[in-house]
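Novice: I need the structure of the sequence given here:
(chains A, B and C)
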Amino acid sequence: MSAYVLNLITVRLLIAALTLLIVSFAVFFATAMLPGDTATILLGQAATPEAVAGLRNAMHLDQPAFLRFLHWLSGLMSGDLGTSYVNNVAVADLIGGRFVNTMRLAGITALFSVPLALTLGITAAMFRGSLYDRLVTILTIGVISIPEFMVATLAVLIFSVYLKWLPALSFANDVTSVWQLLKVYAMPVISLTFVVAAQMIRMTRAAVIDTINTPYVETALLKGASRPRMVLRHALPNAIGPIVNAVALSLSYLVGGVIIVETIFNYPGIAKLMVDGVATRDLPLIQSCAMIFCVGYLSLITLADIIAILANPRLR
Amino acid sequence: MSSSIPLFQKFGYRFSWVGMIGLSIILFWGIMALIAPHIIPHPVGEIVDEDYFGAISSRFWLGSDYLGRDMLSRILMGARYTVGISLAAVSIACFSGIVLGMTAAVVGGWFDAALSRFLDAMNSIPGKLSGLVVVAAVGSSINVLIVTLAVIYTPGAYRFARALAVNIHAMDYITVARTRGEGILYIIGSEILPNITGPVLADLGLRFVFIVLLLSGLSFLGLGVQPPYADWGALVHENIGGLPFGAPAVIAPSLAIASLTISVNLLIDNLPQKIRDRSA
Amino acid sequence: MQNLVEIRDLKVEATTDSGRRVEIIKGVNLDIAPGEIVALIGESGSGKTTIALTLLGYARAGCRISGGNVRIAGKDMVTLSERDRAAIRGTEVAYVPQSAAAAFNPAKRIIDQVIEVTRIHRLMPAHEARQKAIGLFRALSLPNPETIGSRYPHQVSGGQLQRLSAAMALISDPKLVIFDEPTTALDVTTQIEVLRAFKSVMKKGGISGIYVSHDLAVVAQIADRIVVLRNGEVQEIGTTADILTRAQHPYTRALLAAFEPQPRGGEILVKDRKVLLEVKDLVAGYGAKHRDGLPLIRAVDEVSLSVEKGRNLGIIGESGCGKSTLARAIAGILPASSGTIIFENRELPSAVRQRSRDQLREMQIVFQYADTALNPEKSIEEILGRPLTFYHGMRGKQREARVGQLLDMVHLPNSLRHRRPQELSGGQKQRVNFARALAAEPKLIICDEITSALDTVVAAAIIDLLKELQRELLLSYIFISHDLSVVEAVCDEIVVMYGGRKVEEITPAHLQAPQHPYSKLLFSSVPKLDPGWLDALELDPELVRSYSKS
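Specialist: Down below sits the predicted model:
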C-alpha cells in the first residue's frame, strides 16, 4: 500500500470523525432546544419551585448549552449514556440486550439481502433490456416507491392472514427450537430484505451498466469475449467501488426499515425502544439511540469509501 | 418506447403513455387535495356505519374504519395532508438547496468547503431518525412537520444542485462570461440556472417521493399528523387493528400512498423528451 | 487472386431520438486483397468507422446492419450467428481502437489484456502467448519489452499504449487488422514512431489492413489504396498515388486543397508598425504557491512575446507544452504569478476581476470546442446580443440589427438567429463562437485551437474567414494550434513552445530553416502528402529520445 493511499484513508477517517462531531452537535441541540423548561415538564406543573430548582441543578440545566454539550459528549465517550427521565434507569442498561437483538436482525437481513441483490443486480445488467431485466426493474421501482410499513403489512396479509404460515403481530420472547426461531425471524427479515434489496439491486445494476458502456468493454467484445466474460471479467472489477457504495448506502436503509419493522412486529430492539422513548419524550434515551444509529451508518459509509479507494486500480 | 402522443410531438416533444398515466394520477390526487371538502360523501369525523371495519359496499365504496367512519371520505381528505405537507416541504427543501448549491459552486473556496462539509454531515443522519428526534423534542404539529421534512431533505437537494452547477461551471461558456466581466448573479441566474432546471425538477419529484414516504412512516408510528387530522400514514396507523381481517381500511390508504409515489417515479422515468432530429 | 474481404451493397441503419430510422451507410462496395492495406478516409459522420466495425459483424448501440454482405474469407459476418461472429473476432479480424487509453481496462495488467484473445479462443498456452507478446512488443519497438506488460495501463504513455493495443490485435496472427484512427490522439513527434512500427509489422506479416483516418497525409504513408467516403457513400476509390495526384471526384479535390492552405505571405495591413501587446517573463501554473509566489507546477515559464497591430502571432507546440495556459494567463482567466502584460501601452492587471470593462472588451478569447463555449439553453440571438448589451448598451431594434450584421460578417444566414447551438453544424457553431468575440469590437482575439475540432474542409473555410475579417476590421490574432499548416496559413510570426518555455521565434521568411533542434524535430515530423515521406524521413534517434515524453 503506497503512502498516497494511506494518506487518502487517513483523510477519510478524519472526515468521518469530524462528521460524527457535527452530527452529535446536531442531535444534542435538536433535543436541547426544547420550548419550555425540561425540569418543569418532567416534574409537572404542580411541582414546588424548590424541587424544580433542585432538578435543574442535578441535570446541569443551569449551565450554558455548550457546556452541557461537552459534558454530554465526554459522557458518551466514556460509556456514560445518561439516565432515563422516565424510570430513572441508566440508559446503557435499557439499551444493553436490545442492541444485540437489533444487530442480529440487521445481520441476518444483510446475510440474505446482499447476495440476493448483487446476483439480481449484476444479472439484470448483464441481460439489459431483456424481459428478465424489465421485470426486475419494475419490481424494484415498485418496492422503493412504497413505504416500509406497507411492505411489512403486505407480508403479514399474505403469509399470516391468507396463507397462515407464520405468526402475525406477536413476537415470542422464549424461543426454544430452530423452527421457532425461523418462524419468529422470518417475517421481519423478509420485510427488511425487500426494502433493502430493492435499493441495492437498482444501484448495483446502474453501476454495472455504467462500466459496460465503456470502450474497454467494447474492446473485450471485439476480441470475441462472451457476454458473461465481458461483464464478470471486464466490467465488474471496475464497478467494485460503486457497488460497495451501493451496498453500504442500501444497508443504511436498514435504519429506517428497522424502526418500522421493529414497531410492527413488536421486536425488542433499540429502534422499538427509541420509538417508545419518543412517545414518553425520554430525551437521554433518544439521544443515545440516535447516536448509535448514526455511528452505525457512518461506519458503513466510511468502510465503503475505504474499500473503494483500495479497489481503485489507478491507485495501485 | 416508440408510442407517443401526437399532441406533444407537434411541439417537438416525445411523451410515452407510461409517463402520461403517471402524470394523470398525480393530477388526480392534486385536484382531490384541492376539492375534497366539497365532494366527500360523508363528513370525515362522523360515525356513519353501524359496523366497524366494514367491508366495501355501494354505500361505503372503501368500507369503514375502526369507528365506523367512511373510509373514502377520510382518504380523500387525507390527500390534503399527505400532498399538501409534502409539497410544502419539498418546495422549501429544493429552493434552499438549489440556491445554496449554485452559490457554493460559483463562489467556491472555503465557503463551499465549509457548507458542503456541514450539509454532508447533516445528510448522514438517517431521515427517520431526525424525524423521531425532532418530534420527541418539540412535539408534532403540521408546521413542525413541514419544517422538519424540509430541513431533512435540504442537504440532499443542495448536494445534487451543487454537483450539477459545478459541472456547468466548468464549461467554457462560463469562462467566456467571466472574461466578459459578468457578475455572479448574472452567471448563476442566466448561464447556470437554465441548464440545470430539467434535472433539478426530476430531483424535486424524487425528493417529493422520499418526503411522502417519510411523512407516512412517521404518521404510521403515530408521531406524524395528529388527530383529529389524518394523512394516509395516520389512516393506516389508526386502522392497523383491521390487518388480521384484511380490512379495506388498512389496505386502501396504503394503496393511495403507493399510487402517488409510483406515479411520480413513472413520470420521472418517462419525462417528455425533446426530439433533437426534428429538422433532419 | 481471391479477395480476403468482399463488401457488397452494405447498408447500416441508425435509430434517431424520435424512433425514426435513418440509413447512415448507403450501399457500399469494397474489396481487400490479402496483404493489402486500404484506407477509409472521410470527415466525421462519413461512416468510416461504422463500415470498419461491420467487418467484425458489429454495429454500435442504436445502429444495425440492414442489408448487404460483408464476406471475410468467404464467411458472411452479416448472416453469421452471434456465437460464430465471436469466434472470428480477435482471431481472424482484429481491432485497434482510436483511443488506446480508453480501450485498455484500467483494472487489469497490460499483458493479461494483450494475451486475452489467446485465452478466449484457446489458441495457445499462456506462457507461449506471453513469449509471443514480448516478441511483438520488441517488433513494435516498445521500451523494456520483457517487463512493460506487467504494468497497468495508466502507468505507460499514450504512444506506448497505442502500440500495445496493436500487439493486442496481432497476438492471434489475424488475417485482417482494423485500425480506427490509431494516431489521431497522438502528438506528431510520437505519431511517426507509432506509424513506423505499424507499417513494418504489417508488411513483415503480410497482413491485410483497414486504416480509418481523416488525415490524408498519414494515410498516404501506410495505405496501398484509398477509399474516399462522404455521408455513407463511396465517392472515389483508387491507389494512393492516383488519389493524391490524379483525383477525379470534386470532393476528393476539395479535401486535398483544404490540406494545404495558402500561407499568409507577409500581407501588410498597417503601414506604421505599432506594438499592441507585449508580454514579458510571464510565469503561470497550477498547484500550491511557493513562498516566492510562484506556483508548484509552472505550466508557462518566463515567456516573452509581442503582437503588433494588424499582425498575427502563432503559438505552436505539442500537448502539455503550456500554450493554452499561456493564452489563459494573457486573458487573465488564470492570473499570472509573475511577469507583465502590456496592452496598448498600459500594464494590465493579471486577473480578469481587476481589469476594466474596456480592457476586457478589447481582448477577446475564442475557445476550441464551440459545443462547450456556447450555452446550449440560449438562442444564437441571445448569445451574440449579450456582449452588445453588456459592452455597448445596445437594446431592442439596434441590437437586433447588429446581431444581423454580425451573422452576416461570419457568413451565416440571418434565419439562424432563433436557433439553439445544438441545432447548428460544427462549422456554424464555431462561426457563432467567433462572432461573439467580434461583437465586443476587440483589437486582439486570442484563438485557442479553434480549428482543431473541425473537419479539414470546414477548418479551411474558418481560416479564410479569419483572414477576411482581419482585412476588414484590422484585427490582430494570437493563434494557438498544434497544427503547423494552420499556423503558417494565418500568422506573421510563430513562437515554438516546449515544456512551458519559448523555444524559438520564427518569422515566415526564415520558416524553412528553424534553428532550435526541437523546432527542427517538430517541423519535420508533420506528415506530407507524399507516399515516400515516412520512408525517406531520417530523424536523429538521440534527438527524438530527448524530446519524447515516454
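Novice: give me the number of residues near whatever residue of the stretch 101-250 of chain C ends up closest to chain B?
Specialist: Nearest residue of the stretch 101-250 of chain C to chain B (CB to the nearest CB) works out as residue C:231 at 12.3 Å. C-betas here are computed from N, CA, C, even on glycine. By the criterion of other CB atoms under 10 Å in any protein chain shown, residue C:231 has 15 neighbours.
Novice: I'd assumed residue C:44 was in contact with it.
Specialist: No: with contacts counted by CB atoms under 8 Å, residue C:231 stays clear of residue C:44, the gap being 11.2 Å.
Novice: Can you show me the helices along chain B?
Specialist: Using DSSP state H, the helices of chain B run over B:6-10, B:17-39, B:71-107, B:109-123, B:127-138, B:142-169, B:172-180, B:184-186, B:193-220, B:232-238, B:248-269.
Novice: Redo the ones you listed as a markdown table? Include mean neighbour count and distance to chain C.
Specialist: Listed next are the helices of chain B as a markdown table, based on neighbours: other CB atoms under 10 Å in any protein chain shown; distance: least, CB to the nearest CB, whole Å:
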| stretch | mean neighbour count | distance to chain C |
| --- | --- | --- |
| helix B:6-10 | 11 | 8 |
| helix B:17-39 | 15 | 14 |
| helix B:71-107 | 22 | 13 |
| helix B:109-123 | 16 | 14 |
| helix B:127-138 | 23 | 33 |
| helix B:142-169 | 21 | 9 |
| helix B:172-180 | 21 | 4 |
| helix B:184-186 | 12 | 9 |
| helix B:193-220 | 22 | 4 |
| helix B:232-238 | 27 | 38 |
| helix B:248-269 | 22 | 17 |
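Novice: helix/strand/coil for the residue nearest to the residue of the stretch 101-250 of chain C closest to chain B when sequence neighbours are not counted?
Specialist: Excluding its sequence neighbours, the residue lying closest to residue C:231 (CB to CB, 6 or more residues apart in numbering or on different chains) is residue C:46, at 6.5 Å. Secondary structure, DSSP: H, G, I helix; E, B strand; the rest coil: residue C:46 is coil.
Novice: Also the one 5 residues further on?
Specialist: When the structure is split into helix, strand and coil by three-state DSSP, residue C:51 lands in helix.
Novice: That one: neighbouring residues, count only.
Specialist: Residue C:51 has 26 neighbouring residues, counting by other CB under 10 Å.
Novice: I'd guessed it sits against residue C:28; true?
Specialist: Yes: the criterion here is CB under 8 Å, and residue C:51 meets it with residue C:28 at 6.0 Å.
Novice: what touches both of those two?
Specialist: Common contact partners of residue C:51 and residue C:28 (CB atoms under 8 Å, 6 or more residues apart in numbering or on different chains): C:7, C:10, C:229.
Novice: Just give me the neighbour total for the last one.
Specialist: It refers to residue C:229. Counted with other CB under 10 Å, residue C:229 comes out at 25.
Novice: ditto for the second one
Specialist: With neighbours defined by other CB under 10 Å, the count for residue C:10 comes to 24.
Novice: List phi and psi for residue C:444.
Specialist: The phi and psi values for residue C:444, taken as degrees, to the nearest 10, are phi -130, psi 130.
Novice: and if you look at the one 4 residues further on?
Specialist: Here is the backbone geometry of residue C:448 (degrees, to the nearest 10): phi -100, psi 100.
Novice: gap between it and chain B?
Specialist: 9 Å (CB to the nearest CB, to the nearest Å).
Novice: wait, that residue sits on residue C:366?
Specialist: Yes: using CB under 8 Å, residue C:448 is in contact with residue C:366, at 6.8 Å.
Novice: Residue B:88 versus residue B:219, what's the distance?
Specialist: Distance of residue B:219 to residue B:88, computed by CB to CB, to the nearest Å: 16 Å.
Novice: Tell me the residues of chain C that contact chain B?
Specialist: Contact residues, chain C versus chain B (CB under 8 Å from any CB of the partner chain): C:16-20, C:22, C:331-333, C:352, C:355, C:357, C:360, C:364-365, C:367, C:369, C:372-378, C:386-387, C:390-391, C:422-423, C:436, C:440.
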